[in-house]
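Asks: Any chance you can model this:
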Amino acid sequence: MGWTDTVDVRAVLALTRETTFRGSSVAMCGADREGRIVAANAAFTARMGAPNGRTIPSFFVDPDAAAIDEALRDVFRDGAVVLGGLCRTAGEPRALAWSCRAVDGAIVAEISDEGARARAEEQLEALLRALPDIYFRLDASGHIVAFHAARETEFHVPPERLIGQRPHDLVPPHVAPIVAGAVERVIRERTPVQIEYSLPTPSGDDQFEAHLVPCGASEVTALIRNTTARRRAEAALQASEERLRASQKLDAIGQLAGGVAHDFNNLLGVVLGRLTFLQRAEGLGDADRDHVREALDAALHAASLTRQLLAFGRRQVMQPQVFDLSAVVFALDEMLRRVAGEHVEVVLVPEPPECPIDSDPVQIEQVLLNLVLNARHAMPEGGTVTIWTSEAALEEPEATRLDLKPGRYVTLTVTDTGLGMSPDVMTHLFEPFFTTKPYGEGTGLGLATVYGIVKQSDGHVAVRSELGVGSTFELWFPRAPDGTIAPPPARAPVSSPPRGNGETVLVVEDADGMRDLVVEILERAGYAVLSANSGDEAVRIVLETRERIALVVTDIVMPKMSGRTLAGRLRQIRPELRVLLMSGYETATEARAREPVASDRRLPLIEKPFTEDALLARVRDVLAQSPTPKPSSPTRPIPDRGRT
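Replies: Numbering: from 1, shown residues only. As a prediction, the model looks like this:
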């Protein structure tokens, strides 16, 4: 026995002392380079009989000695070979497979039924085909001996060139140490390892996860998965959740602000009305009249702040109509330049000739003025504000990202060359009372108002900003159908509000102070006034009174029965009855639903808080309109229990 044979035998004998060899239920044996068996486990002896110094070829019934010898030599070149054929066993001859691999200069063989092995390989192949992963099997030296891929193009080389390669030779230099270290650790420590890395692809850098586990006595199995799509989906989900949390936060603040502003509007209405009475009172000295005038100015300023809070809470009273957004933008040209100041250049870019949207044009004007004013403050040293309108068709997934429905949209974009905003500032951008201006400069409601009005119009506000570069506000509105733009309303000449001629007016308001004020204003102007504090009481009055009620002035938001529901009930009793709605708190959906029961025209409305002159002018205007015609389809009237 030569020195080499001694090494072979020592390697095999060392292997026989391993528990995985001795206790394995798989028939295993160890042989030298010539294929002479020098050790076998109990499973081998039970199945094949005692080896007694036999060679591997001697177990084959009709061995091709030259082919077997060549295959055994290939073990040390390729790392592993499989010999198959009819073999002598302890019982009847069986078709067996000898899976031979090189281990420390010796041969280790595992014996299995060829049929079972074939079935196992088929099952493994079926399993690998079902997996979206890349599969590698490595030998003890870290070379690839088998692989499978759901998408072979992920290897970027022909598949046949992978066998015999080392995985870290197939990846870029910055990834190679990570892969090589993981393989080495699994081979050395026989413990699972997980690594993550990125690889350049034509579509960008793709992310991968590799799970490496020990296989058998010395091999390594690796499963590699492209996680790019999953990571992108997780990032999109996280961004969506963050947008949802931000939206819910703003909605909660908006509901609180809207509710407070609604109650405050009623109080302001009383304050404004009583101050107006006091201002017109006889015998008031000049100094006292100045005090009243200052109080009135403060109350009007408070009313303006309240409207901004309502706008943020999406509860501002809307007068929606279909109008051309481009026309509104260009009509404000001169005013926008005054707001921007001499040190800021305002550029209006003409785009589509017609951009129809369904919203309140007055509120959209307020949005544009707020954005330009915001841009001015962002450019203390001067700069440029560029404004343009355009049209766009939104499809998935962009529509979902913007929290909009797929369809056609009109966009209003305002961009500046100002200071820009940090990410932290942008997270609080639309919160009411948040401002980056010094104390006492600004209310922090400008952008909150923009947000509320756009959302109330079923739109979306997208913001991009970079420090030192500037900011861009992109407003998205659903595009209205062509041919639906409303003609501009005719403006009535300014004059003193006409007085009443004894017409009977029913005032319905649940807030006592506001109801008393409206009643007094109308009575002072020559109207006969009835009042009710609820919708049910108003219905009772209309049913029981014999007087001809010319007009019902009702609040919209009341307990139990809203003003609009009340209008419908009263129209069933008296179809010719005129109705004027009062409100300082309304959603966009409610505004668009502001339709009378028997007419296609929208019910008239006056926004709280209002002045005495504004109320009288609106009442006179509604009374001057033709009574609503009786509906063509019969309606069942509520019985008039007050008549005999």
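
Asks: give me every residue that touches Asp78.
Replies: 145, 164 (CB atoms under 8 Å, 6 or more residues apart in numbering). All C-beta spots, glycine's among them, are computed from the backbone N, C-alpha and C.

Asks: for the one 5 residues further on, same thing?
Replies: For Leu83, the residues meeting the contact criterion (CB under 8 Å, 6+ apart) are 56, 60, 68, 71, 97-98, 100.

Asks: again with Pro173
Replies: With contact taken as CB under 8 Å, 6+ apart, Pro173 is in contact with no other residue.

Asks: in the sheet, who's paired with the closest residue to Ser457 other than its chain neighbours?
Replies: Leaving out its chain neighbours, the residue that sits closest to Ser457 by CB to CB, 6 or more residues apart in numbering is Ser359, at 4.0 Å. Using DSSP bridges, the beta-bridge partners of Ser359 come out as Gln321.

Asks: does Ser359 really touch Pro478, like I thought?
Replies: No. Between Ser359 and Pro478 there is no contact under CB atoms under 8 Å: 9.3 Å.

Asks: any common contacting residues for those two?
Replies: Common neighbours of Ser359 and Pro478 (CB under 8 Å, 6+ apart) are Gly459.

Asks: Please say which of these two ends up with more neighbours.
Replies: Using other CB atoms under 10 Å, the more surrounded residue of Ser359 and Pro478 is Ser359, with 28 against 19.

Asks: Against Asn52, how distant is Ala511?
Replies: Here Ala511 is placed at a distance of 110 Å from Asn52 (CB to CB, to the nearest Å).

Asks: What of Ile224?
Replies: 46 Å.

Asks: neighbour-wise, which of these two wins?
Replies: In this view Ile224 and Asn52 are compared by other CB under 10 Å, and Ile224 has more residues nearby, 21 against 7.

Asks: Next, that one: secondary structure please.
Replies: Each residue gets one of three states, and Ile224 gets strand by DSSP: H, G, I helix; E, B strand; the rest coil.

Asks: from now on call the first residue 53
Replies: New numbering, starting at 53: the last item is Ile276.

Asks: which residue sits closest to it, ignoring its sequence neighbours?
Replies: For Ile276, ignoring the flanking residues on the chain, the nearest one in space by CB to CB, 6+ apart is Ile186 at 4.1 Å.

Asks: Does that neighbour touch Ala198 like I think?
Replies: No. Using CB under 8 Å, Ile186 makes no contact with Ala198, being 11.9 Å away.

Asks: When these two are compared, which one has more neighbours?
Replies: The residue with the greater number of neighbours, taking Ile186 and Ala198 and applying other CB under 10 Å, is Ile186; the counts read 21 against 17.

Asks: List the beta-bridge partners for that one.
Replies: Legend: beta-bridge partners of Ile186 under DSSP bridges are Ala201, Ile276.

Asks: so Ala117 sits right up against Pro109, yeah?
Replies: Yes. The pair formed by Ala117 and Pro109 meets the contact definition of CB under 8 Å, at 5.7 Å.

Asks: Which one's more surrounded, these two?
Replies: Set side by side, Ala117 and Pro109 give different neighbour counts by other CB under 10 Å, the larger being at Pro109 (19 against 11).

Asks: picking that back up, among the contacts of Leu135, find me the one that's closest to Ser583.
Replies: When the contacts of Leu135 are compared for distance to Ser583 (CB to CB), Ala149 wins out at 101.3 Å.

Asks: Number of residues surrounding Gly552?
Replies: 22.

Asks: Same question for Asn278.
Replies: Around Asn278 there are 19 other residues, counting by other CB under 10 Å.

Asks: On the three-state scheme, Ala119 is what?
Replies: Here Ala119 takes the helix state, with states given by three-state DSSP.

Asks: now the one 4 residues further on
Replies: Taken by three-state DSSP, the conformation at Ala123 corresponds to helix.

Asks: Would you tell me what the next helix or strand after the one helix or strand in the chain whose mean pLDDT sits lowest is?
Replies: Counting by mean pLDDT, DSSP states H and E, the chain has its least confident helix or strand at helix 640-644, which shows a mean of 47. Read in the C-terminal direction, the helix or strand following helix 640-644 is strand 657-659, with elements assigned using DSSP states H and E.

Asks: strands paired with that following strand, and their directions?
Replies: strand 630-635 (parallel).

Asks: rewinding a little: what about the residue nearest to Ser509, distance to Leu446?
Replies: The separation that Ser411 has from Leu446, given CB to CB, amounts to 18 Å.
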